[in-house]
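Participant: need a 3D model of the following:
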Amino acid sequence: PALTARVVFDGSPLAPLAALMPGGVPLAGSISGNVDLDMPLGAPEAAVIEAQVEALALTSGRLSAQSRGPFALRVRGGRVAVDDLGLQGPGLSLDVSGSIGTDSSALLDLRASAGVDLAELPARSGWQLAGQLETRLALSGPVGQPRAEGFLAGRGLAIETGWLPALTIPEARVELNGDAAEIGSTAVAVAGGSLVVSGRLPLAAAVRAARRNPRAVQRGEKASISVVFEGLSAAPFLERLRTDHASPLAAVLSGRLDVQGGLADIREAQAELRAMATGVAVQDLALEVSPLTAHLRAGEVTLEETRVSAEGGTLQLAGRVDLGRRVLEASGRGRLQLRALSPFLAETAVTGAADVDLTVAGPLEAPRARGSVTVHDGSVRIRAFPQAVTAIEGRLVLDDHTARIEHATAVFGGGAVTLDGSASVSGTAVS
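Facilitator: Coordinates of the predicted model:
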């Protein structure tokens, strides 16, 4: 005995299926066609489902598409097959044919092609997109370890978002060669400078299930990606982090970033950043910054000693952060010109010099500071007060959970001020 049935759809809504979408992806639209079911009652896993779709209209968020013509779907023997699915919508087109198994050991046999006109896509508020994307893709092999042949190409790409300054990519191409993506030398113009991206990204570098040994990345499975940048202005990036859209810092960056290894976990990756900063200034205070070198190894980022100099003083910075354990250890030693901090303080202006000898260590959520900061000829002007505090001389001592002021003196309103005392410190909270 078997259950046989036919279901006919005539403009039926898709909204009731939204609850089945992964991650709460919205779904609306309609479907017309028929579905035939033939299911043996004693072996439901042997059911055969055949659908002939005459018309399909989809809407998900800002995207919408309609089928270009009839297409067929079949479910038989643990495989799902689609014939001649073609979708068209504002700024996009998609064609898919082939079949896929329903378990990780089943074989893939899918072919897809797509085209995207970014200027026609419904973009988020504040985003500007232009250019064309095209892909041809053939998937084969087991579902758990797929092989992809084809390419992804872009022409005349221009992108600007609320957090990313305008960038342009005249031409880009990624070749899919079975188990890896090959990124050809791709030039990007952004922030008054340029960067060039190239490299190789095997699927096994990012997906453990695609590896010969899921517990380790082996030879031939490691990613190798490089980014060479030159003449990048820091200001356009920093402006997007501030509500007033004004960057207090000017700098031009050039250097190179290399990433290798596995990408499924931060502890698998290795990276090295080498950069030079020129034309560095905080408002009218010129700074000299030594070449910067940072490494990522076994989940730990290390900043080699970097020197920042201004008006005869030099501050030496170094540190490391264990991203897995979420702990840091950093140090700063030398002389700091305090007016370099003023642009980062919304309602306060400071001047003078500070001799710094500090180390910071502990969990990222509650780091502990040890050392001292000695201020010479300092001044503080707060916008809400007409009088500035001037001639500040004093020493602040930090000892893990305590901050102590040792006989600080200053002038306020024409009179001398003396300050001593201590406070408890827990992370960034003071009491």
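
Participant: need the phi and psi values for L238.
Facilitator: In terms of degrees, to the nearest 10, the main-chain angles of L238 are phi -70, psi -30.

Participant: please read the previous query as pertaining to L17.
Facilitator: Given degrees, to the nearest 10, the pair of backbone angles that L17 has is phi -80, psi -10.

Participant: who's in contact with it?
Facilitator: Applying CB atoms under 8 Å, 6 or more residues apart in numbering, we find L17 in contact with L27. From N, CA and C alone the C-beta is placed, and that goes for glycine too.

Participant: is it correct that G421 is in contact with H407?
Facilitator: No - counting by CB atoms under 8 Å, G421 does not reach H407; the two are 10.4 Å apart.

Participant: what segments of the stretch 151-300 of the chain are helices?
Facilitator: 203-206, 235-239 (DSSP state H, counting those that start in this stretch).

Participant: worst average pLDDT in those?
Facilitator: The minimum mean pLDDT among the helices of the stretch 151-300 of the chain belongs to helix 235-239 (a mean of 89).

Participant: packing partners of that one?
Facilitator: strand 249-261 (3 or more CB pairs under 8 Å, 6 or more residues apart in numbering; DSSP states H and E).

Participant: show me what the nearest residue to A286 once chain neighbours are set aside is bridged to.
Facilitator: Leaving aside its chain neighbours, A286 sits nearest to A310 (6.7 Å; criterion: CB to CB, 6 or more residues apart in numbering). As for beta bridges, A310 partners with G313 under DSSP bridges.

Participant: can you give me the neighbour number for A310?
Facilitator: Other residues lying near A310 total 21 when counted by other CB atoms under 10 Å.

Participant: from A366, how far out is it?
Facilitator: 31 Å (CB to CB, to the nearest Å).

Participant: partners of the strand or helix carrying I31, with directions?
Facilitator: Using DSSP states H and E, I31 maps to strand 28-40. Taking DSSP bridges as the criterion, strand 28-40 sits next to strand 2-13 (antiparallel), strand 48-60 (antiparallel) in its sheet.

Participant: pLDDT (mean, whole number) over it?
Facilitator: 95.

Participant: one more: stretch 306-313?
Facilitator: Averaging pLDDT along stretch 306-313 gives 90.

Participant: contacts for that stretch?
Facilitator: 285-293, 314-318, 334-337, 340, 353.

Participant: tell me where the model's unsure across this protein.
Facilitator: 426-431 (pLDDT under 70).

Participant: next one: stretch 364-382 to chain centre, how far?
Facilitator: 32 Å (CA atoms, centre = their mean, to the nearest Å).

Participant: can you pull the buried residues of it?
Facilitator: Across stretch 364-382, burial judged by 16 or more other CB atoms under 10 Å covers P367, R368, A369, G371, S372, V373, T374, V375, G378, S379, V380, R381.

Participant: still on that earlier bit, what about the residue nearest to A286, distance to S254?
Facilitator: 21 Å.

Participant: for G144, same thing?
Facilitator: Look at G144 and S254: by CB to CB, they are 43 Å apart.

Participant: surely T161 meets G126?
Facilitator: Yes - T161 lies in contact with G126 (CB under 8 Å); the separation is 6.8 Å.

Participant: hang on, the earlier thing: between G144 and S254, which one's more packed in?
Facilitator: S254 (17 against 13).

Participant: identify the bridge partners of that one.
Facilitator: M276.

Participant: now swap in T186 and tell me
Facilitator: V197.

Participant: need the contact list for S67.
Facilitator: Taking CB under 8 Å, 6+ apart as the criterion, S67 is in contact with V53, A55, L56, A57, L85, G86, L87, Q88.
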